[in-house]
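Undergrad: Let's see this in three dimensions:
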Amino acid sequence: MEAQAELNRTVAIVGRPNVGKSALFNRIAHRRIAIVHDQSGVTRDRIVREVAWGDRRFRLIDTGGIRLFDGVKEGDAIEMAVRDQASVALADAACVILVVDAQAGLQPADEEVARIVRKAGRPCVVAANKCDLPRHEAGAHEFAKLAFPVFPISAAHGRGVEALMGEALAHLPPETEAEREAEAKPLRVAIVGRPNAGKSSYINRLLRSDRVIVSNVAGTTRDCVDVPFTIGSGPTARYYTLVDTAGMRHVHKIDTSVERFSLFRSEEAVRECDVAVLVMDAEIGPTTQDKFISNLIQREGRACVILVNKWDLARAKGATETGAIAHLREMMPYLRHVPVVFMSAQEGYNVRASIDAIDRVAGNQRRTLPTGVLNRTLTNALERVQTPGREGRKLRFFYAAQTGSNPMILRLFVNDARLATKPFQDFLVRTLRESFDLEGAALILQFRSRTRPGDPKTPEEAEAAAPKPTRRAGGRKPAPKGPRGGGSLTPKSRRPKRK
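TA: Residues are numbered from 1 along each chain as shown. Here you go, the predicted structure:
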């Protein structure tokens, strides 16, 4: 039922190139998110956003543009891309908005998308775009041949969009009481980072007040401070609890028991939050301390956003966003899926963009993936690669199911879970993130063996059959690789006891 609820909250925008899909997406989302340009095929990837229209909240998808392939005629490539585009949207959508160009008239590609939607049985409304003037509406009547409701609109000027959305949202069921209560529950956002990175300044900029003490002296914030924060009002209001944490330093640099307790409380804040916002100093760049903190976020399975603060100062010294992102990805390759926002808490630059990123990753963290689509995605991915094996036995995938959200936990049933190597698991995680647009969300894979004759049936038999761990010269156990290798910032022996 949860998977179905996920489908019923999604509206997909499809259409051939340069008909105004992105312009309509931006109009519905009330902001300029998708790039709009006269050149066809500008939008190359799907854009997914949680949006509100009136008192209705739903997921909106702007499908990607057209890619032409070598050796394929342009007309054939367009038909192939339109077909793929519609198929991807139909896998997630409860309702489809087919955007057409009223001034250009009905095209074969329009009819192809309509045929696919009709075959899938998805509700569809036709947005006859570019009816900027009343005289343009005459061209919209031609699209009645598609056998879907037709609405003349102008995405650029907003004409007719209200009526279009009224019809589209009628196909989405009303929110349940439980869903309304879940939306009213504040989103818990932990603001973490090393000392003096600008965490308190960022919160004060959001609040437009000096609620949190700000100082140039590192370590001003000693304990975690919960700060209620609301955007908007009425049914569309969004509620947050911002948790300002103490600056986190490695345990070997901690001098006092008070600072050690502050570090423990900051770790606890990450463990209990919905989204962890890692604030970095743009002038200094990512440091070893930042890497330790990012490891903690990854281990705890928290959604994450990276804020590069003081960007105005770094940019004045010649820094570029491209170079900064490349350096970040090199230092923290396990956070390649995390959005990076360049901002200045002091100047207020890009602060609103940071909230949009937080909302986006929080929505991804709580998603429920449709079981059928999940299994088709994994099956298609495994057909393209050679599965790992050992001693002549290959890993075989049977099926998968989502068993948890926040963090998202996927359980994969295979013939032998021991055959799922780390590189193979990383490949599956990358594939799932790209297929389902899981930007910023934590994703945990759990492999389970389906018992067969000859497989171990007890923990003792499994332990005896398992390969012995390899050790380095000198008898030391090899350190774990990847995000789990950082270890806790506070060893258990040094953590203060809570009274």
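Undergrad: give me every residue that touches the nearest residue to residue 231 once chain neighbours are set aside.
TA: Leaving aside its sequence neighbours, residue 231 sits nearest to residue 238 (CB to CB, 6 or more residues apart in numbering; 4.6 Å). (Glycine included, C-beta is placed from N, CA and C.) Contact analysis of residue 238 by CB atoms under 8 Å, 6 or more residues apart in numbering lists 187, 230-232, 359.
Undergrad: among those residues, which are in strands?
TA: Among these, DSSP state E puts 187, 230-231 in strands.
Undergrad: just curious, which of those residues is nearest to residue 416?
TA: Closest approach to residue 416 among the ones in strands among the contacts of residue 238 (CB to CB): residue 187, at 39.9 Å.
Undergrad: Quick check: the closest one touching residue 239?
TA: Yes. Counting by CB atoms under 8 Å, residue 187 touches residue 239, with 6.9 Å between them.
Undergrad: Now stretch 114-123: buried residues?
TA: 114, 116-117, 122-123 (16 or more other CB atoms under 10 Å).
Undergrad: Likewise for stretch 130-150?
TA: Buried, per 16+ other CB under 10 Å, within stretch 130-150: 130-132, 136-137, 139-140, 143, 146, 148, 150.
Undergrad: Please list the members of the residues you listed that lie in strands.
TA: Per DSSP E, those map to strands at residue 150.
Undergrad: Closest to residue 321 out of the buried residues of stretch 130-150?
TA: Looking across the buried residues of stretch 130-150 and measuring by CB to CB, the closest to residue 321 is residue 130, at 33.9 Å.
Undergrad: Would you mind measuring from that closest one to residue 351?
TA: Here residue 130 is placed at a distance of 35 Å from residue 351 (CB to CB, to the nearest Å).
Undergrad: what do you get for residue 440?
TA: Per CB to CB, residue 440 is found 18 Å from residue 351.
Undergrad: follow-up on the earlier one: residue 187 and residue 239: which is more packed in?
TA: Per other CB atoms under 10 Å, whichever of residue 187 and residue 239 has more neighbours is residue 187, with 20 against 14.
Undergrad: Contacts only, for the more buried one.
TA: Counted by CB under 8 Å, 6+ apart, residue 187 has contacts 238-241, 274-275, 358-359, 362.
Undergrad: For residue 276, the count of nearby residues, please.
TA: 31.
Undergrad: Could you pull up the mean pLDDT of stretch 341-352?
TA: Regarding stretch 341-352, the rounded mean pLDDT is 92.
Undergrad: got the buried residues for it?
TA: 341-345, 349-351.
Undergrad: how's this structure carved up into domains?
TA: 2-169, 185-362, 371-450 (automatic domain parsing).
Undergrad: With distance to residue 176 added, can I get these in TSV?
TA: Putting these into TSV (distance: least, CB to CB, whole Å) gives the following:
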stretch	distance to residue 176
domain 2-169	9
domain 185-362	14
domain 371-450	17
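Undergrad: Of the ones you listed, which is nearest residue 175?
TA: Residue 175 lies closest, by CB to CB, to one member of the domains of the chain: domain 2-169, at 7.4 Å.
Undergrad: follow-up on the earlier one: between the ones in strands among the contacts of residue 238, which is closest to residue 325?
TA: Among those, residue 187 lies closest to residue 325 (CB to CB), at 25.6 Å.
Undergrad: how close does the closest one get to residue 51?
TA: 16 Å.
Undergrad: Now do the SS call for residue 376.
TA: For residue 376, the assignment made with DSSP: H, G, I helix; E, B strand; the rest coil gives helix.
Undergrad: so how far is residue 169 from it?
TA: Separation of residue 376 from residue 169 (CB to CB): 28 Å.
Undergrad: For those two, indicate the residue with more neighbours.
TA: Per other CB under 10 Å, whichever of residue 376 and residue 169 has more neighbours is residue 169, with 16 against 13.
Undergrad: Wait, that one touches residue 55, no?
TA: No. With contact defined as CB under 8 Å, residue 169 does not reach residue 55; the gap is 10.2 Å.
Undergrad: How about the one helix or strand residue 446 maps to, which residues are buried there?
TA: Using DSSP states H and E, residue 446 sits in strand 443-449. By neighbour count on 16+ other CB under 10 Å, the buried set for strand 443-449 is 443, 445, 447, 449.
Undergrad: who does that strand pair up with?
TA: With DSSP bridges as the test, strand 443-449 is paired with strand 408-414 (parallel).
Undergrad: returning to that earlier point: can you read off the backbone torsions of the residue nearest to residue 231?
TA: In terms of degrees, to the nearest 10, the main-chain angles of residue 238 are phi -120, psi 130.
Undergrad: Now tabulate the ones in strands among the contacts of residue 238 in TSV and tack on distance to residue 202 and pLDDT.
TA: What follows is the ones in strands among the contacts of residue 238, written out as TSV (distance: CB to CB, whole Å; pLDDT from 0 to 100):
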residue	distance to residue 202	pLDDT
187	16	90
230	17	83
231	15	82
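Undergrad: Redo those residues as TSV? Include distance to residue 207.
TA: Shown next, in TSV, are the ones in strands among the contacts of residue 238 (distance: CB to CB, whole Å):
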residue	distance to residue 207
187	15
230	10
231	11
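Undergrad: where are the low-confidence patches of the stretch 351-499 of the chain?
TA: Counting by pLDDT under 70, the stretch 351-499 of the chain contains low-confidence ranges at 451-499.
Undergrad: and if we set it to 90?
TA: Filtered on pLDDT under 90, the stretch 351-499 of the chain yields the residue ranges 352, 366-373, 384-387, 389-393, 403-407, 434-435, 437, 450-499.
Undergrad: Closest to residue 162 out of the buried residues of stretch 130-150?
TA: Nearest to residue 162 among these: residue 131, at 13.9 Å, using CB to CB.
Undergrad: Pairing partners for the closest residue to the closest one other than its chain neighbours in the sheet, please.
TA: Of all residues not flanking residue 131 in the chain, residue 152 sits nearest, at 4.1 Å (CB to CB, 6+ apart). Residue 152 has the following beta-bridge partners by DSSP bridges: residue 128.
Undergrad: now for the helix or strand containing residue 204, which elements pack on it?
TA: Element membership for residue 204, per DSSP H and E: helix 199-207. The contact analysis (3 or more CB pairs under 8 Å, 6 or more residues apart in numbering; DSSP states H and E) places helix 199-207 against strand 187-192, strand 225-231, strand 238-244, strand 303-309, helix 351-365.
Undergrad: what do you get if the cut-off is 10 Å, keeping everything else the same?
TA: Helix 199-207 makes packing contacts with strand 187-192, strand 225-231, strand 238-244, strand 275-281, strand 303-309, helix 351-365 when contacts are defined by 3 or more CB pairs under 10 Å, 6 or more residues apart in numbering; DSSP states H and E.
Undergrad: Just the C-alphas of the third one, formatted as PDB.
TA: Extracted in PDB, the C-alpha atoms of strand 238-244 (Å, rounded to 0.1, in the frame of the first residue of the first chain):
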ATOM      1  CA  ARG A 238       6.800  23.800   6.600                       C
ATOM      2  CA  TYR A 239       8.100  23.200  10.100                       C
ATOM      3  CA  TYR A 240      11.700  22.600  11.100                       C
ATOM      4  CA  THR A 241      13.800  22.100  14.300                       C
ATOM      5  CA  LEU A 242      17.300  23.400  13.600                       C
ATOM      6  CA  VAL A 243      19.900  21.900  15.900                       C
ATOM      7  CA  ASP A 244      22.900  24.100  16.400                       C
END
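Undergrad: Identify each buried residue in it, please.
TA: 238, 240-244.
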